[in-house]
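J.: Attaching a predicted model along with its sequence, questions to come.
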Amino acid sequence: MHITGRCTDRAIARFVLDGRIVETMNIPRYSNASALAARDGDDDAFSLGGAITTLVDGLLLDDCLYMASIGMAYQGINSAVGTDKTNTWIGSDGANTFGFKNNAGVRATLVMWEQAAGDYESSFMNARRAKVTYSLNASSTVTVSVSNGVSGGWAVLYDHATTLSQYGQVDEVWGEYTTGDYATVDLSFEVNASGTPMTVTVAENGCVSDKDTCSFHCYSGDTCGESGTYELVNCDNGSQAGATSGSYDGINPEGGCQGWSNGGHLDISLGQ
């Protein structure tokens, strides 16, 4: 299947909603195609012009159109193998495997990104290319592999209703992880404190991160992120197998579920 621009015309996204043709202005945060291509190593999908591009495997067209309508800049890479562009790919042959199941009862689109050291823009989907954007019907599953030594995150677009925040990040609950020697996973409710529930279980030791356990929350308000505005709840060392907590600066917490160093499996329930 071939589509125009980033699955529609780059400047005006046209799609069908409840039988009506809808047009919505869709101006990217960055307007220099060469700069974005260099930044993300992208040479084909979701060009900023009107070039013809290919819908990536695993992403349904209507989900791609919805992504365009809310201002996402690209389809994910959705590689079937690890490459020089991504240490995150669809499949079960990696050192670490993340098994996602859509238990939300509605269509969902999984969005995953990597965060290299010093890169603080990787989660901004209005400007950056995700490693994975994958369509999940209700009760369906997908396994994603992640190499060791990778930090990143994921979030989900539910039922063509989730939007981007004013800053261009997915306005939902996030999963956050680091793989390798100090592999850790947690959930963050900092972007959207009232977001859709999610549960992560470390297969190796049963450590759970959910809304009430080993997850980050704002002290007040529906969104936060500034120093001193968030806490890690119910994740004291020894409170469950793999639970760990501390502080990198004496003010802000860090931690989550460990016990899967240099290779492990996470079971992730989306929507509950």
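T.: Looks like it came in fine.
J.: so where's the stretch 1-150 of the chain shaky on pLDDT?
T.: Residues of the stretch 1-150 of the chain meeting the criterion pLDDT under 70: 1-53.
J.: run the last query once more with 80
T.: Applying pLDDT under 80 to the stretch 1-150 of the chain flags residues 1-54.
J.: Which residue ranges of it form strands?
T.: 2-4, 12-17, 20-25, 52-54, 88-90, 96-102, 108-114, 132-136, 141-146 (DSSP state E, counting those that start in this stretch).
J.: The protein: helices as residue ranges?
T.: Residue ranges of the helices in the chain, as given by DSSP state H, are 33-40, 61-69.
J.: what angle do the last one and strand 132-136 make?
T.: Orientation of helix 61-69 against strand 132-136 (axes from the mean of the first three to the mean of the last three CA atoms, to 10 degrees) gives an angle of 130 degrees.
J.: So for the chain, the centremost residue is which one?
T.: Closest residue to the average C-alpha location of the chain: residue 154 at 2.3 Å, with CA atoms, centre = their mean.
J.: in the sheet, who's paired with that one?
T.: residue 112, residue 175 (DSSP bridges).
J.: correct me, but it touches residue 110?
T.: Yes: counting by CB atoms under 8 Å, residue 154 does reach residue 110; the two are 6.3 Å apart. The C-beta positions use only the backbone N, C-alpha and C, and glycine is treated the same way.
J.: what's the overlap in contacts for those two?
T.: When CB atoms under 8 Å, 6 or more residues apart in numbering defines a contact, the residues bordering residue 154 and residue 110 alike are residue 132.
J.: quick one: contacts for residue 224?
T.: So residue 224 contacts 190, 193, 218, 230 (CB under 8 Å, 6+ apart).
J.: and what of residue 198?
T.: Per CB under 8 Å, 6+ apart, neighbours of residue 198: 156, 173, 175, 187, 210-211, 268-272.
J.: and of those, the nearest to residue 85?
T.: residue 175 (21.4 Å; CB to CB).
J.: Burial check on that closest one, number of neighbours?
T.: 25 (other CB atoms under 10 Å).
J.: can you check residue 150 too?
T.: 21.
J.: can you check the one 10 residues further on too?
T.: Residues near residue 160, counting by other CB under 10 Å, number 19.
J.: can you check residue 206 too?
T.: 13.
J.: My understanding was that it contacts residue 241; is that so?
T.: Yes: the pair residue 206 and residue 241 passes the contact test of CB under 8 Å, sitting 5.9 Å apart.
J.: List the contacts of the residue lying closest to residue 81 once chain neighbours are set aside.
T.: Excluding the flanking residues, the one nearest residue 81 by CB to CB, 6 or more residues apart in numbering is residue 89, at 5.7 Å. Listed by CB under 8 Å, 6+ apart, the contact partners of residue 89 are 79-83, 131-132, 144-145.
J.: Only the buried members of those residues: can you turn that into a PyMOL selection?
T.: Paste this into PyMOL to select the buried members of the contacts of residue 89, with burial taken from 16 or more other CB atoms under 10 Å:
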select buried, resi 79+82+131+132+144+145
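J.: right, and the pair among the contacts of residue 89 with maximum separation?
T.: It's 83 and 144 that sit farthest apart of those, by CB to CB, at 14.2 Å.
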